[in-house]
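Colleague: with the input below, show me the fold.
(one chain, ligands or ions: 1)
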Amino acid sequence: MKQLQNKIVLVTGGTSGIGRLVAIELARQGALVVVWDISEKALAALEQEAKEMHISIQGMLCDVSDREAVYRQSREIKERWGPVSVLVNNAGVVSGSTFLETSDEKIEKTMAVNTMAHFWTLKAVLPDMIARNEGHIVTIASAAGIIGVTGLADYSASKFAAFGLHEAIRMELRRLKKNIQTTVVCPFFIDTGMFAGVRTRFPLLLPILKSEYAAQRIVQAIKRGKKRLIMPRFVYSVYLLRLLPVSWFDGLADFFGVNHAMDHFKGRS
Ligand SMILES: NC(=O)c1ccc[n+]([C@@H]2O[C@H](COP(=O)([O-])OP(=O)(O)OC[C@H]3O[C@@H](n4cnc5c(N)ncnc54)[C@H](OP(=O)(O)O)[C@@H]3O)[C@@H](O)[C@H]2O)c1
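Modeller: Presented below is the predicted three-dimensional model:
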């Protein structure tokens, strides 16, 4: 079981939703958690909350889609607190419209935040992890990163890419024989507000996850060094369904409601 006492943890997009809950829990376990986000007000509020809980959370403004900002703020973390031991690539955005209804700008933003940012954060922290032979890379991908979903073309593409990047890095680290752990997380919908309005056809098999439950499972996976966390378990069936002919796969995705889940999407207001 990983000890987090005094470890430097970086959580991107950590002022709300899953990132916030994971940051608070990791800080409760004794880590010094640095949270990056784009709202100064939300960062200040989180720091205040942490102070009242007597846990260590430091907020830093950083738009993860800005490569230079990522490199600059990573250097700042190292100078102020030391090298990052756990990186949680969590920041994410969703457009929530069908492909042709999604503006070019939204598509670029989604790829920049959900995918490209992972390249920059990894480039920033991995060299020190490799040199110190210690670290943990956590990628918050999505169930939409293992199955394409109507209304989520840019989001699914960004999460498939994040998943692929994560897997390739895991392979490289394996070849390097370094003691750097990796965890990829693929949740179905969570009630954080990011996907407000979505519906599930079979709530017993595919429930909309409670954010506290999802965060607790993520922290547990980090502590146990679990390499892949897919939740709920039924999402694993995607891998089996892929053995079927594509038209059967598509028909079953329709049956399970995958292609209508986004019909009533509202997202964050
Ligand atoms: N909710 C779900 O159903 C679900 C399912 C599967 C996977 N996920 C993934 O889980 C992660 C967390 O999502 P969530 O549900 O907790 O959503 P959330 O509450 O909206 O959290 C996303 C966080 O990322 C921040 N962010 C957005 N753009 C950023 C940028 N350019 N630089 C830095 N921070 C940025 C947001 O800040 P602002 O609030 O200021 O915009 C917000 O704090 C995401 O990667 C998401 O794709 C979510």
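Colleague: can you tell me the SS state at the residue lying closest to Tyr71 once chain neighbours are set aside?
Modeller: Excluding the flanking residues, the one nearest Tyr71 by Cβ to Cβ, 6 or more residues apart in numbering is Ala124, at 5.7 Å. For every residue, glycine as well, the C-beta is placed using N, CA and C. Per DSSP: H, G, I helix; E, B strand; the rest coil, the secondary structure class of Ala124 is helix.
Colleague: now swap in Glu105 and tell me
Modeller: Glu105 - assigned by three-state DSSP - is helix.
Colleague: what about it, how many neighbours?
Modeller: 9 (other Cβ atoms under 10 Å).
Colleague: I'd say Leu122 and Ser74 touch.
Modeller: No - with contact defined as Cβ atoms under 8 Å, Leu122 and Ser74 do not form a contacting pair (10.4 Å).
Colleague: among those two, which residue is more densely surrounded?
Modeller: Taking other Cβ under 10 Å, Leu122 and Ser74 do not tie; Ser74 has more neighbours (24 against 19).
Colleague: now name the helix or strand holding the more buried one.
Modeller: Assigned by DSSP states H and E, Ser74 belongs to helix 67-80.
Colleague: could you do Phe160 as well?
Modeller: helix 153-176.
Colleague: ditto for Leu87
Modeller: Per DSSP H and E: strand 86-89 holds Leu87.
Colleague: again, but for Lys223
Modeller: Under the criterion of DSSP H and E, Lys223 resides in helix 211-224.
Colleague: so the helix or strand that that helix is followed by, near the ligand or not?
Modeller: Next along the chain after helix 211-224, taking DSSP H and E as the criterion, comes strand 228-231. No - remark: strand 228-231 sits outside contact range of the ligand, by Cβ under 6 Å from any ligand atom, the gap being at least 9.3 Å.
Colleague: tell me how far the nearest residue to Ile55 once chain neighbours are set aside lies from Gln5.
Modeller: The shortest distance from Ile55 to any non-neighbouring residue, by Cβ to Cβ, 6+ apart, is to Ala27 (3.9 Å). Distance, Ala27 to Gln5, using Cβ to Cβ, to the nearest Å: 11 Å.
Colleague: likewise Ala23?
Modeller: Distance from Ala23 to Gln5, by Cβ to Cβ: 16 Å.
Colleague: the more surrounded of the two?
Modeller: Taking other Cβ under 10 Å, Ala23 and Gln5 do not tie; Ala23 has more neighbours (31 against 8).
Colleague: now for that one: which residues touch it?
Modeller: By Cβ atoms under 8 Å, 6 or more residues apart in numbering, the residues touching Ala23 are Val9, Val11, Gly14, Val33, Val35, Leu46, Ile57, Val88.
Colleague: out of those, which are inside strands?
Modeller: Val9, Val11, Val33, Val35, Ile57, Val88 (DSSP state E).
Colleague: what does this structure put close to the ligand?
Modeller: Contact residues (Cβ under 6 Å from any ligand atom) of the chain with the ligand: 12-13, 15-19, 36-39, 42, 63-65, 90-93, 113, 140, 142, 187, 189-190, 192-195.
Colleague: which among those residues end up buried?
Modeller: Among these, those buried by neighbour count (16 or more other Cβ atoms under 10 Å) are 12-13, 15-19, 36-38, 42, 63-65, 90-93, 113, 140, 142, 187, 189-190, 192, 194-195.
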